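Student: need a structure here:
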Amino acid sequence: MFNNVNFLLLESKNKFIDMCQNSAFAEKLRTCPLYNYLDKAIFCVLIALLTSAGFLGTGALGAFALLFILLMFVRVLLNKGEKIEFSVLDSVVLIYFLLAFVSLMGSTLFAASFKGFLKMLLYIAFYFSFVQWLKGNKDKIKWILLSVAGVVAFEAVVAILQNMSGIQAISGWQDVSNINPEDVIARAYGTLKPYNPNLLAGYLVAGIVPVTYFLSMALLKKNVNLIALTGSALAICMLAIFYTGCRGAYIALFAFITVALYGIYYYVQNYKGGFSALKKRYKNLIFASCAAVFAFVFLNPAIYKRIFSIFAFRADSSISFRMNVYNSSFDMFLGNPLIGVGLGNQNFREIYGLYMMTGYDALSAYNIFLETACEMGIFGLLAFCAIFGLVFYGAFKYIKAEVARENKILVLLCALGLLLLASHGLIDTVFYRPQIHILFWIYVAVVNVFVFLKPEEK
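Tutor: Below is the predicted model of the structure:
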């Protein structure tokens, strides 16, 4: 079925692209001196998009993403021999987008839903543009990850300094009515806009991936200085996540630690002859790192009380509020099960008012999967979950392939990034902010290019 989709969608497009590339106008543009700088301009815009995530607002980030898309469109129409191809994963992403379009057309609030649809269109176009760029620029993926890792490290340091200074919350982010004032976390929010500790936490959760990648490369090369630098960056990032006070990020951090420990176990058992053959200093390092995390948590009452409040349910006002929103959002989904109510935050809020419990207004469903079900219905939710499922399946399949170990680590970490974002998204929806959502699509694109797309002929 996917082969037929590929044939129907791509055959005519590639003929049109080939016609444009061989036109006299394209030939004339290729002789223009500016054409030689097109690839450099695209790369610079991409780096600017990623590095400005910590300072610019949604509109500016969207402008950078749109510029990247437009430049890639020009490049495809000008570069001779450049073709578009679809993988199974691409087809699922396209189906997800088409279902969003169906949801838009069926929305009772078309104008509000159209705004949400335009945002999704931008993200999907960015994804396909990044896939096309990455196919010929795999060697530059390290610079992409380095740009993200740099901003993540900066934000982590800012978050720690904010917490140490006892920064005042600029919104009612935390229920402190039943908490000892000494046990209240000074919730850091960094420099990301709009200021929100949950947004910072989500960005740090996604940003663990590039930081961990460089730590893994340092370990492979046994570069002690680089191990110390990247290991410190990872520790700072984890510490900053604790200081955000974001419980969704705590769930994601637990998932990260669990997967990391299993990864260490798998690597030692399969490549180092088991733990009995491992040098004592490495054993001590592993156990000391785990002990340090547990000691930090349980020696900080504000941290461990915040963590265990996740399980308080109705006893915690914030969790209780979310549970009420979940009930109302699920009722909204049941009222619009096939195509949902339409896309976007504004559209959600308008429709949510018809289902909400009195006094429990909400900006979103506080769960990315429930939010998708409400906005796009059951089929949209299935397509959304299929993207995650294919990425996980592809990563699992890739570790068994005869490929470079560095590429295996990259693909596995990108799949881990999706797992962390899904974990965080269980009780929050900052996932849809451009600082985070763009990273999500980058990770999907990396897995797609390395696992699902056919290798380019040299």
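Student: before we move on, which element is residue 154 in?
Tutor: Residue 154 is part of helix 141-164, with elements assigned from DSSP states H and E.
Student: Quick check: next helix or strand after that helix?
Tutor: Assigned by DSSP H and E, the successor of helix 141-164 is helix 197-221.
Student: and the angle for the next helix or strand after that next one with helix 197-221?
Tutor: Next helix or strand after helix 197-221 toward the C-terminus (DSSP H and E): helix 224-244. Going by axes from the mean of the first three to the mean of the last three C-alpha atoms, to 10 degrees, helix 224-244 is angled at 160 degrees with respect to helix 197-221.
Student: Quick one: distance of the helix or strand just after helix 224-244 to the chain centre.
Tutor: Counting by DSSP H and E, the next helix or strand C-terminal to helix 224-244 is helix 247-271. Helix 247-271 sits 18 Å away from the centroid of its parent chain (C-alpha atoms, centre = their mean, to the nearest Å).
Student: Excluding its own residues, what touches helix 247-271? List them.
Tutor: 198, 201-202, 204-205, 208, 212, 238, 241-242, 274-275, 278, 286, 290, 293, 306-307, 309-310, 412, 416, 419-421, 423-428 (C-beta atoms under 8 Å, 6 or more residues apart in numbering). Glycine gets a C-beta too; all of them are placed from N, C-alpha and C.
Student: Surely residue 186 touches residue 162?
Tutor: Yes - contact criterion C-beta atoms under 8 Å: residue 186 and residue 162 qualify, at 6.9 Å.
Student: joint contacts of these two?
Tutor: Both residue 186 and residue 162 are contacted by residue 243, under the criterion C-beta under 8 Å, 6+ apart.
Student: And the helix holding residue 154, what's buried?
Tutor: For helix 141-164, the neighbour count (16 or more other C-beta atoms under 10 Å) marks 141-142, 144-153, 155-160, 162-163 as buried.
Student: Then stretch 445-456?
Tutor: Residues of stretch 445-456 classed as buried under the neighbour-count rule (16+ other C-beta under 10 Å) are 445-453.
Student: can you check stretch 381-398 too?
Tutor: 381-384, 386-388, 390-395, 398.
Student: Could I get the full set of strands for this structure?
Tutor: With DSSP state E as the criterion, the chain has no strands.
Student: Packing partners of the longest helix seen in it?
Tutor: Counting by DSSP state H, the longest helix found in the chain is helix 368-398. Secondary-structure packing of helix 368-398 (3 or more C-beta pairs under 8 Å, 6 or more residues apart in numbering; DSSP states H and E): helix 88-105, helix 317-335, helix 345-352, helix 405-424, helix 434-447.
Student: how about these in CSV, adding mean pLDDT and distance to residue 35?
Tutor: As requested, the helices and strands packed on helix 368-398 are arranged in CSV below (pLDDT from 0 to 100; distance: least, C-beta to C-beta, whole Å):
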stretch, mean pLDDT, distance to residue 35
helix 88-105, 95, 28
helix 317-335, 90, 50
helix 345-352, 88, 40
helix 405-424, 94, 31
helix 434-447, 96, 25
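Student: nearest to residue 52, of these?
Tutor: helix 434-447 (9.6 Å; C-beta to C-beta).
Student: what's the angle between the closest one and helix 405-424?
Tutor: Using the same axes, to 10 degrees: helix 434-447 against helix 405-424 is 140 degrees.
Student: Can I get helix 434-447 in CSV? Just the C-alpha atoms.
Tutor: The C-alpha coordinates for helix 434-447 follow below in CSV (Å, rounded to 0.1, in the frame of the first residue of the first chain):
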residue,chain,number,x,y,z
PRO,A,434,8.2,25.5,18.9
GLN,A,435,11.3,25.2,21.1
ILE,A,436,10.3,21.6,21.8
HIS,A,437,8.2,20.6,18.8
ILE,A,438,10.9,21.4,16.3
LEU,A,439,13.3,19.1,18.2
PHE,A,440,10.6,16.4,18.1
TRP,A,441,10.5,16.5,14.3
ILE,A,442,14.3,16.7,14.1
TYR,A,443,14.5,13.4,16.0
VAL,A,444,11.8,11.8,13.9
ALA,A,445,13.7,13.0,10.7
VAL,A,446,17.0,11.6,11.9
VAL,A,447,15.5,8.1,12.5
